[in-house]
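Visitor: Okay, predicted coordinates and the sequence, questions at the end:
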Amino acid sequence: MSATVLQDYDRHGTVWALDPASGLLTPASGLCHGFVHVLPHRTGTAAALYADDSALWLQYGQHRWNCEKVAVRHIQRPDGTRTITVDSPPDPQWQAHLPPPDTGPYDPAYDWTDTIADNFFLWVDERLADARRRAVLRDHFLRGFAPA
């Protein structure tokens, strides 16, 4: 399994190479094949949605799933904490519990587009919601795109 070049979801212009086996990131350049979100809770863990080997993959740290074979749910509780659940039968259900996002100062112009831009897991949840979206995203990521 070779490293996959990914655009940083939160920092435009930053590009990483993800080693799918270890989940480790190293600085990179070139055409991107998906997006990576470096988790802010300082564990060194990253979450990624990318295409490789003709499939769309979701990865969290060392865990990796083929998006055609799993169901992904993102739940945000009223206190802001979030849970990502991956159902991948016959494997056991996998969950990650994430701290609430840092919302910063109140912004009256903050809308749904901003919410998705600020929440990688909500963006992933929407992208994986149906087969057509997954196919379009997989094909786009397989072709590669220039980093922003």
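Guide: Looks like it came in fine. Numbers count the residues shown, from 1 in each chain.

Visitor: okay, CA-based contacts and neighbour counts for the rest of this
Guide: OK.

Visitor: Quick check: which element contains T83?
Guide: Remark: T83 resides in strand 82-87, with elements defined by DSSP states H and E.

Visitor: so what secondary structure elements neighbour that strand?
Guide: In terms of contacts (3 or more Cα pairs under 8 Å, 6 or more residues apart in numbering; DSSP states H and E), strand 82-87 is packed against strand 71-76, strand 94-98.

Visitor: rerun that using 10 Å as the cut-off
Guide: Using 3 or more Cα pairs under 10 Å, 6 or more residues apart in numbering; DSSP states H and E as the contact criterion, the secondary-structure elements in contact with strand 82-87 are strand 71-76, strand 94-98, helix 120-127.

Visitor: between the second one and strand 71-76, what angle do the directions make?
Guide: Think strand 94-98. Using axes from the mean of the first three to the mean of the last three Cα atoms, to 10 degrees, one finds that strand 94-98 and strand 71-76 are set 20 degrees apart in direction.

Visitor: ok, residues contacting strand 94-98?
Guide: 39-41, 60, 63, 72-76, 80-88 (Cα atoms under 10 Å, 6 or more residues apart in numbering).

Visitor: repeat that for 6 Å
Guide: Judged by Cα atoms under 6 Å, 6 or more residues apart in numbering, the contacts made with strand 94-98 from elsewhere in the structure are 81-86.

Visitor: Thanks again, I'm all set now.
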